[in-house]
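[1] Structural data only, the sequence is not supplied:
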């Protein structure tokens, strides 16, 4: 969906739909005639959207914080250096995410890409990415060294990352994805894969590779930014129902609703989401050769 189309859709929705009330703090102090923005987590739970509700509750109770734009892509950011209030590694799990077909499809595509069953370009990227991380962490030295064995998803992301794929990132997918817990929790997100294995130094000469890398397992995980930057419609709600299209008994929520609520109440903290690690042992290890000059 282009920016012009998105802007037109948002302008039309603002004309047709009633905006949700931003009056109450979180948690809401009492009963209201109409649904409040702070009632959305409870409405999610009524629809079975447990993970979406938990993430939104974390945002509402956090200190006011707008995520820097540089954090959105994650490039140039060492997540190990970020304060813990800006990270969450406990709410989203890979077993939960893999219940959804769109995650499953991307997981299979990503696994094939690393195994060399996808495009040559993607396979080359995977090797270059792992080489860069192993070099950065000092693993391509004179002694054999394991990599990717940490139980910390943040540490694995920074030291053994191999490749990634976006999920539900284009406009068509945003329009056609079902309104389920994944839609409410993450919407569009990125599925990543890291490697676990051993680096073995080889005898050096001027032509041959200097290190053999044996990958014994892959670790899949999600990274996403839970923030409300930009302009986006987030559904039309009442206390027990949500729809993508406006209705007379529903109230529209958009990104700007959360930004204005944060400004009014001085609460609401953006954060980066990491899932746990879903490790998959390879039946046949992948062996790659790298040359350090």
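    Yes, it's here. Computed from a prediction, not measured in an experiment: that's the story for all the values here.
[2] Going by C-alpha atoms from here, please, whenever you check contacts or count neighbours.
    Fine.
[3] Now do the helices in this protein.
    3-16, 40-46, 50-61, 69-73, 94-97, 101-114, 120-136, 153-159, 171-176, 181-185, 255-265 (DSSP state H).
[4] Okay, buried residues for the fifth one please.
    In other words, helix 94-97. 94, 97 (16 or more other CA atoms under 10 Å).
[5] starting at the chain centroid, how far to it?
    12 Å (CA atoms, centre = their mean, to the nearest Å).
[6] can you check stretch 28-48 too?
    The answer for stretch 28-48 is 25 Å, by CA atoms, centre = their mean.
[7] what would the helices of the chain look like in TSV with distance to residue 284 and mean pLDDT?
    What follows is the helices of the chain, written out as TSV (distance: least, CA to CA, whole Å; pLDDT from 0 to 100):
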stretch	distance to residue 284	mean pLDDT
helix 3-16	45	67
helix 40-46	43	95
helix 50-61	35	98
helix 69-73	33	92
helix 94-97	23	98
helix 101-114	13	96
helix 120-136	17	96
helix 153-159	22	98
helix 171-176	35	68
helix 181-185	33	96
helix 255-265	46	97
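[8] how about the ones you listed, which one is nearest residue 146?
    With CA to CA as the measure, helix 120-136 is the member of these nearest residue 146 (10.1 Å).
[9] looking at the helices of the chain, which is closest to residue 280?
    helix 101-114 (9.8 Å).
[10] Would you mark the buried spots in that closest one?
    Result for helix 101-114 [16+ other CA under 10 Å]: buried residues 103, 106-107, 110-111, 113-114.
[11] Note down every partner strand of the longest strand along the chain and its orientation.
    In the chain, with assignment by DSSP state E, the single longest strand is strand 211-226. Strand pairing for strand 211-226, determined by DSSP bridges: strand 189-201 (antiparallel), strand 271-274 (antiparallel), strand 278-290 (antiparallel).
[12] State the mean pLDDT of the last one.
    Along strand 278-290, the predicted local confidence has a mean pLDDT of 97.
[13] now the angle between helix 101-114 and that strand, please.
    Comparing the axes of strand 278-290 and helix 101-114 via axes from the mean of the first three to the mean of the last three CA atoms, to 10 degrees yields an angle of 20 degrees.
[14] Work out the gap between strand 278-290 and the centre of the chain.
    24 Å.
[15] hmm, who's touching it?
    Applying CA atoms under 8 Å, 6 or more residues apart in numbering, the contact partners of strand 278-290 are 94-95, 115, 127, 131, 209-221.
[16] filter the residues you listed to the buried ones?
    Buried by 16+ other CA under 10 Å: 94, 127, 131, 209-221, out of these.
[17] Closest to residue 195 out of the residues you listed?
    Out of the buried ones among the contacts of strand 278-290, the member with the shortest distance to residue 195 (by CA to CA) is residue 218, at 4.7 Å.
[18] wait, residue 137 sits on residue 159?
    Yes. The criterion here is CA atoms under 8 Å, and residue 137 meets it with residue 159 at 6.5 Å.
[19] ok, the two, which is more surrounded?
    Neighbours were counted for residue 137 and for residue 159 using other CA atoms under 10 Å; residue 159 has more, 24 against 13.
[20] which residues touch the closest residue to the more buried one other than its chain neighbours?
    Excluding the flanking residues, the one nearest residue 159 by CA to CA, 6 or more residues apart in numbering is residue 133, at 5.4 Å. Neighbouring residues of residue 133 by CA under 8 Å, 6+ apart: 158-161.
[21] what do you get for residue 98?
    residue 104.
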